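K.L.:
got a predicted structure plus its sequence, pasted below:
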Amino acid sequence: MFELITSERMEEDALLRRPGSINSEPAEDAPIEIGMLPAFIMALNFIIGAGFFSMPYVFYHGGIFYGALTLIIVTLTLIITSNWTLEVCSRAQALDTVIRESEIPDLTFQDVSIIGRRQPVNSRTNLITPKYEITGTRKFEFTELMEIFFGIPGRIFTAVAIIVYLLVTLTAYSTIFGSTWALVIPYNNSIPVLGSCNLTDFNRLLPEGDCLNSYRFSIGIFACIVLPMCLMNMQTMKPFQITLSFTMQFTILVAIIHCVYGIATDHVAHDDTGPHPSNFFTFDFKNFLAMVPIVVYAQVLHEGIPMIAQPASNKKKLHKLFGGALCFACVVYLTFSVVVALRFREHITPVASLVWSRTALPGNPLLVRTVSYLIMMTPSVVVCSAYPLCAITLATNIFILITGRDLSTDPRYRTKVKLVGAVISILPIICGLFISNLKTLSKYAGLIAFVLIMFIPTLLQVQSRRKCRRVFGEVDQWIEDSIAVSQSLREEDRTPLLDKYARLRDVMTMTPYYSSWWSRTWVVVVIGIISMVFFILGAMSVFLL
């Protein structure tokens, strides 16, 4: 059988043919489907994590107005890059679907190109109606997408970046839980070696004395809570995620109401001495630099998109699901950060919830003290809901880095993936025993986040579109050239070849994918420029401050 094959296409075919690639068979039992509301809640839990509690501090010191403006710009940017992530997933899924369902023997990447819109050369008519092609039978992690479009180096680079980012993030979750419980829970009443802590203890890299014992004891409690959750599947985890999410949202609402009441009654900073500058329009470039990576870090979602999108019931509304989650998180961040910064002002702490220790002191009304303790305990609720989701993603990417396969969708390996995820999740908890400064962790995690949620989606969008247009534009001509050359073949060889090409054309014209206005070149250029500016500012924050 005669085929025109370029060296680049041979490399792409080799990639698609190896185990675990997009040409491999999906798992026999499809993942359990979850509704859009649980999926939305999981997305929120994925977003609202460690960075949430650093926001009021950096808003106040960097300028509240400029912090709010930066958050809005970042959110709009990430809504677009999250849609790009779904587009690229849909292109890869379409390729997998055609190869599996075309019923064309030995179909290769040289034969089919469905990573893009059907657009023959010199023709812009009869375009296929765009839509998502994401199913519950196949999941494409970031690392796999990078390998499909950038080869093995792309997979290794992305897997390492995600693993490092998640390790730092999970360590931050441990420090938030440990510092919160060490400050709020009076361990020393029952265990003498566990001392009490105050706000200044956590301004250093690690607290000292008996406070350190309380901090590490709290992290041990955190491990007992989250490690069993890391062994749960998505369906089992759903009620926990929903309960923790509503508890968190309720507590945040209470905190906002408490701050608004304090501002309305002119009881700011919980201190009768003044002045207490609001810093609303004050611009401090040094503190603004420190704010940028934390704002980006607080909105990270993209590496969790494949995990949440796969079991979501309505695939056509995925862009609304993730865009809505980012918008909702932005509103929560913005409201919480502004009112907390205006309420407590110069007394705001790096972990914002801990500033309520001032209103929890004896002498305040019982209701105020109760509300203060509830708000201070909120971080432990948030990190307990987000930790298992990040741990599952961490384990999945470790397996992809080592084996090149997403084993989480294979029933033969699901138990092993869960066990590895639980074991690997111990490492960040151990790291949390030796660092308690959330601001330091958030700054470095934010720099990695630039790569994951801005640069990688942009690169994938450009490369997948480029290959789409290149291959789609060439396939028709390639088929015609092959048919012409096949005239010299024997009849028994030429007939199956012509039949294969005829069916190939039918498959190509019946395989749409999703696209939209935000896929246009000018949007990609604008997002690329914004990403570069923010990355430079973030790098300056990490390496110059």
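P.N.:
Sure, I can see it. Numbers count the residues shown, from 1 in each chain.
K.L.:
now do the helices in the stretch 351-500 of the chain.
P.N.:
With DSSP state H, counting those that start in this stretch as the criterion, the stretch 351-500 of the chain has helices at 366-376, 378-403, 414-424, 426-432, 438-450, 456-485, 491-509.
K.L.:
report the angle between the third one and helix 378-403.
P.N.:
Right, helix 414-424. Orientation check (axes from the mean of the first three to the mean of the last three C-alpha atoms, to 10 degrees): helix 414-424 against helix 378-403 gives 120 degrees.
K.L.:
got the CA coordinates for helix 414-424 in PDB?
P.N.:
Written as PDB, here are the backbone C-alpha positions of helix 414-424 (Å, rounded to 0.1, in the frame of the first residue of the first chain):
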ATOM      1  CA  ARG A 414      -6.700   3.200  39.800                       C
ATOM      2  CA  THR A 415      -6.100   1.700  43.200                       C
ATOM      3  CA  LYS A 416      -2.300   2.100  42.800                       C
ATOM      4  CA  VAL A 417      -2.700   5.700  41.700                       C
ATOM      5  CA  LYS A 418      -4.700   6.500  44.800                       C
ATOM      6  CA  LEU A 419      -2.200   4.700  47.000                       C
ATOM      7  CA  VAL A 420       0.700   6.500  45.400                       C
ATOM      8  CA  GLY A 421      -1.200   9.800  45.700                       C
ATOM      9  CA  ALA A 422      -1.800   9.300  49.400                       C
ATOM     10  CA  VAL A 423       1.900   8.300  50.000                       C
ATOM     11  CA  ILE A 424       3.300  11.300  47.900                       C
END
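K.L.:
now stretch 335-346: mean pLDDT?
P.N.:
Mean pLDDT, stretch 335-346: 89.
K.L.:
show me what counts as buried in that stretch.
P.N.:
Neighbour counts over stretch 335-346 (16 or more other C-beta atoms under 10 Å) mark 335-345 as buried. Where C-beta positions appear, they are placed from N, C-alpha and C, glycine not excepted.
K.L.:
chain center to that stretch, what's the gap?
P.N.:
Averaging C-alpha positions (C-alpha atoms, centre = their mean, to the nearest Å) puts stretch 335-346 26 Å from its chain's average.
K.L.:
please apply the same query to stretch 243-262.
P.N.:
With C-alpha atoms, centre = their mean, you get 24 Å for stretch 243-262.
K.L.:
return that stretch as CSV; C-alpha atoms alone will do.
P.N.:
Taking C-alpha atoms only, stretch 243-262 is exported to CSV below (Å, rounded to 0.1, in the frame of the first residue of the first chain):
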residue,chain,number,x,y,z
THR,A,243,-20.3,20.2,52.6
LEU,A,244,-16.9,21.8,52.9
SER,A,245,-17.6,24.3,50.1
PHE,A,246,-20.9,25.5,51.6
THR,A,247,-19.3,25.8,55.0
MET,A,248,-16.5,27.8,53.5
GLN,A,249,-18.8,30.1,51.6
PHE,A,250,-21.0,30.7,54.6
THR,A,251,-18.0,31.6,56.8
ILE,A,252,-16.6,34.0,54.2
LEU,A,253,-20.0,35.7,54.0
VAL,A,254,-20.0,36.1,57.8
ALA,A,255,-16.5,37.6,57.6
ILE,A,256,-17.6,40.0,55.0
ILE,A,257,-20.7,41.1,57.0
HIS,A,258,-18.5,41.5,60.1
CYS,A,259,-16.1,43.7,58.2
VAL,A,260,-18.8,45.8,56.6
TYR,A,261,-20.4,46.4,60.0
GLY,A,262,-17.0,47.5,61.4
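K.L.:
does Phe456 touch Arg155 like I think?
P.N.:
Careful, residue 456 is Ile and not Phe. No. Between Ile456 and Arg155 there is no contact under C-beta atoms under 8 Å: 11.6 Å.
K.L.:
between the two, point out the one with more neighbours.
P.N.:
Just comparing Ile456 and Arg155: by other C-beta atoms under 10 Å the higher neighbour count belongs to Ile456, 27 against 23.
K.L.:
next one: the more buried one from Thr81, what distance?
P.N.:
9 Å (C-beta to C-beta, to the nearest Å).
K.L.:
which residues are in contact with both of those two?
P.N.:
Counting by C-beta atoms under 8 Å, 6 or more residues apart in numbering, the residues touching both Ile456 and Thr81 are His302.
K.L.:
low-confidence stretches in this protein?
P.N.:
For the chain, applying pLDDT under 70 flags the ranges 1-32, 49-51, 94-137, 234-235, 269-276, 409, 467-487, 497, 500-517, 545.
K.L.:
how about a cut-off of 50?
P.N.:
Within the chain, the segments meeting pLDDT under 50 span 1-30, 102-104, 107-132, 472-473, 507-514.
K.L.:
for the most centrally placed residue in it, which non-adjacent residue is spatially closest?
P.N.:
Residue closest to the average C-alpha location in the chain (C-alpha atoms, centre = their mean): Leu301, at 2.4 Å. Nearest non-adjacent residue to Leu301, counting by C-beta to C-beta, 6 or more residues apart in numbering: Ile47, 5.1 Å away.
K.L.:
these two touch, right, the one you found and Leu326?
P.N.:
Yes. In terms of C-beta under 8 Å, Ile47 counts as a neighbour of Leu326; the distance is 6.9 Å.
K.L.:
now for those two: what residues contact both?
P.N.:
What both Ile47 and Leu326 touch, as defined by C-beta under 8 Å, 6+ apart, is the set 299, 301.
K.L.:
which among the helices of the stretch 351-500 of the chain is found nearest to Lys286?
P.N.:
Nearest to Lys286, of all the helices of the stretch 351-500 of the chain, is helix 438-450, at 13.0 Å by C-beta to C-beta.
K.L.:
list the contacts for Leu170?
P.N.:
387, 390-391, 394, 425, 428-429.
K.L.:
now for the helix or strand containing Ser90, which elements pack on it?
P.N.:
Taking DSSP states H and E as the definition, one finds Ser90 inside helix 64-101. Judged by 3 or more C-beta pairs under 8 Å, 6 or more residues apart in numbering; DSSP states H and E, helix 64-101 is in contact with helix 55-62, helix 142-184, helix 285-297, helix 305-309, helix 318-344, helix 456-485, helix 521-544.
K.L.:
go again with 6 Å.
P.N.:
For helix 64-101, the elements it packs on are helix 285-297, helix 318-344, helix 456-485, helix 521-544, judged by 3 or more C-beta pairs under 6 Å, 6 or more residues apart in numbering; DSSP states H and E.
K.L.:
now Ala312. Its backbone dihedrals?
P.N.:
When read as degrees, to the nearest 10, the backbone of Ala312 gives phi -60, psi 140.
K.L.:
leaving out sequence neighbours, find the closest residue to it.
P.N.:
In this structure, Ala312 finds its nearest non-sequential neighbour in Ala39, 4.2 Å apart by C-beta to C-beta, 6+ apart.
K.L.:
contacts only, for that neighbour.
P.N.:
By C-beta atoms under 6 Å, 6 or more residues apart in numbering, the residues touching Ala39 are 308, 312, 321.
K.L.:
element containing it?
P.N.:
Going by DSSP H and E, Ala39 is part of helix 36-47.
K.L.:
pull the CA atoms of that helix into PDB?
P.N.:
Below are the C-alpha coordinates for helix 36-47, written out as PDB (Å, rounded to 0.1, in the frame of the first residue of the first chain):
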ATOM      1  CA  MET A  36     -22.700  20.300  37.000                       C
ATOM      2  CA  LEU A  37     -23.300  21.800  40.500                       C
ATOM      3  CA  PRO A  38     -20.900  19.300  42.100                       C
ATOM      4  CA  ALA A  39     -18.400  19.900  39.300                       C
ATOM      5  CA  PHE A  40     -18.800  23.700  39.800                       C
ATOM      6  CA  ILE A  41     -18.200  23.300  43.500                       C
ATOM      7  CA  MET A  42     -15.100  21.100  42.900                       C
ATOM      8  CA  ALA A  43     -13.800  23.800  40.600                       C
ATOM      9  CA  LEU A  44     -14.300  26.400  43.300                       C
ATOM     10  CA  ASN A  45     -12.600  24.300  45.800                       C
ATOM     11  CA  PHE A  46      -9.700  23.900  43.400                       C
ATOM     12  CA  ILE A  47      -9.400  27.700  42.900                       C
END
